[in-house]
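Novice: quick one, what's the 3D model for this:
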Amino acid sequence: MNTMLPADGSAGPAAVAAPRLTFRVPPAFFEFPVHETEEQVGEALIELAQDIYPQGNPELWFQYAATQLPVVAEMMEAGVSYAGFCLLDLDGRRSTATVTAALLDSVPDGKKVTASSVAAELRGFGDEAQVETVWLTAGEAAARFTSEIMTLPAEVTDSGRPEQVEIGKIAVFLPLRRDAEMALFELSTPCMQDWDLYSELFFSIVNTLEVDDSGSTAEQPPVAEQPQSAPPAGPMDVAGGVHVPLQAQSVRDVFG
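Specialist: Okay, here's the model as predicted:
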């Protein structure tokens, strides 16, 4: 179970007053230790390596921890609240994807935004990303689909040489009705041949998001009626997954 805390380590009034968000992830997901202190991250990553490679040895576990340490540090600096990944064997072929989530307690200029306004902002970047609005169980959101080429270091490739790989990404921005908050979910995978599998799984996870505004005294605007043509949750069953609660996190510029 994961909880979002302010980046400075304190749980101020904004965090306490924030609406509670929960979502579910498949039970087979491994979780990066994004909530550990800097001193504990290395040890937590070695424990994660032992879970992933139970038949491994200390050298393998240490190498994995050393490789993932800068990745986790970058996530922590970015204010990521949850980061999980899966390792699948698909007919003898290894496959993986990572899902992250963050709850932002402020958006640019502190203004309330809508899915349409976020989508317009994303389209303004001028890149080749596909941007659209989608209906989720928790409301309307903006989704951004991109891909990029990155070079993997030799120590993480099967060939033992640096390799270029295409990374497929989806980012979902869900404006919340309370204040200027926004939930941000992101998927990334280097296994583009499994894109359909992971995109369906990702939206199945995002569609489990529940927002509890019962503790808020602020007047809430009416919720727009979801179109009947809105797509249902994907076929991946995450009902038996891990329940992940989120609380308000640090101020962060969504578009920075």
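Novice: quick one: contacts for residue 145?
Specialist: Contacts for residue 145 (C-beta atoms under 8 Å, 6 or more residues apart in numbering) come out as 129, 130, 131, 168, 169, 170. For glycine as for every other residue, the C-beta is placed from the backbone atoms N, C-alpha and C.
Novice: for it, helix, strand, or coil?
Specialist: Under DSSP: H, G, I helix; E, B strand; the rest coil, residue 145 falls in the strand class.
Novice: show the pLDDT at it.
Specialist: What the model reports as pLDDT for residue 145 is 95.
Novice: now which of the contacts of residue 145 would you call buried?
Specialist: Buried subset of the contacts of residue 145 (neighbour count, 16 or more other C-beta atoms under 10 Å): 129, 131, 168, 170.
Novice: what pairs with the helix or strand harbouring the third one, parallel or antiparallel?
Specialist: So that's residue 168. In the assignment (DSSP states H and E), residue 168 maps to strand 163-175. Sheet pairing of strand 163-175 (DSSP bridges) gives strand 139-152 (antiparallel), strand 182-189 (antiparallel).
Novice: list the buried residues for the longest one?
Specialist: When neighbours are counted by 16+ other C-beta under 10 Å, the buried residues of strand 139-152 are found to be 139, 140, 141, 142, 143, 144, 146.
Novice: same check on stretch 62-79?
Specialist: 64, 65, 68, 72, 75, 76, 79.
Novice: pLDDT below threshold where in the protein?
Specialist: By pLDDT under 70, the low-scoring segments of the chain are 1-20, 105-111, 155-156, 177-180, 213-256.
Novice: residue 53 is nearest to which of the strands paired with strand 163-175?
Specialist: strand 139-152 (18.5 Å; C-beta to C-beta).
Novice: just the C-alpha atoms of that closest one, please, in CSV.
Specialist: Taking only C-alpha atoms (Å, rounded to 0.1, in the frame of the first residue of the first chain), the coordinates of strand 139-152 have been written out as CSV:
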residue,chain,number,x,y,z
GLY,A,139,-14.1,11.6,-15.3
GLU,A,140,-12.8,13.2,-18.5
ALA,A,141,-9.0,13.2,-19.0
ALA,A,142,-6.4,14.2,-21.5
ALA,A,143,-4.2,11.5,-23.0
ARG,A,144,-0.9,11.9,-24.7
PHE,A,145,0.6,9.1,-26.8
THR,A,146,4.3,9.3,-27.8
SER,A,147,7.3,7.3,-28.7
GLU,A,148,11.0,8.0,-28.5
ILE,A,149,14.3,6.3,-29.3
MET,A,150,16.7,5.9,-26.4
THR,A,151,20.0,4.0,-26.0
LEU,A,152,20.2,1.2,-23.4
